[in-house]
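Q: no sequence for this one, just the structure:
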C-alpha cells in the first residue's frame, strides 16, 4: 500500500512527459535543481517540500537524473536517491526507486 506522498510521486513518474536536456550544456540547471532539492528536503529540517521532488524528478530523462544524482552527491555527500528515500518512506526502494 502506497502512502499519499508515494502515490503522488509515482503517478508523476508515470504521467509526466520527459524532456531531454543536453547534460553537458545544462550544468547551471543541474546545480539549480540540486540546490532546490536540498532545500526542499534535508536542508528544510523536519518537514519537507515533496512537490519540489516531484516537479524535478518527474520531468527529466534518465541521463539528466543520473547527472543530477552525481552532482547532488558531490555537493552534499549523499546521493539524491537516498534523499528521495528519506523524503518518501523506508519502503520506497522496494516499490520502484529503480525508476530513478
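A: Good, I have the coordinates. Fair warning: this is a prediction, and the values are worked out from it, not measured in the lab. Numbering: from 1, shown residues only.
Q: Tell me who's in contact with residue 11.
A: Counting by Cβ atoms under 8 Å, 6 or more residues apart in numbering, residue 11 touches no other residue. Bear in mind the C-beta positions are built from the backbone N, C-alpha and C, glycine included.
Q: quick one: low-confidence parts of the protein?
A: Applying pLDDT under 70 to the chain flags residues 1-2, 12-17, 45-47, 88-100.
Q: Now with 80, please.
A: 1-21, 42-50, 85-100 (pLDDT under 80).
Q: quick one: the helices in this structure?
A: All helices of the chain, identified by DSSP state H, fall at 4-15, 27-40, 50-59, 62-76, 80-88.
Q: What are the contacting residues of the shortest one?
A: Contacts with helix 80-88, where a contact means Cβ under 8 Å, 6+ apart, come from 3, 5-6, 9, 34, 37-38, 41-42, 48, 50, 53, 57, 65, 68-69, 72-73, 76, 92-93, 97, 100.
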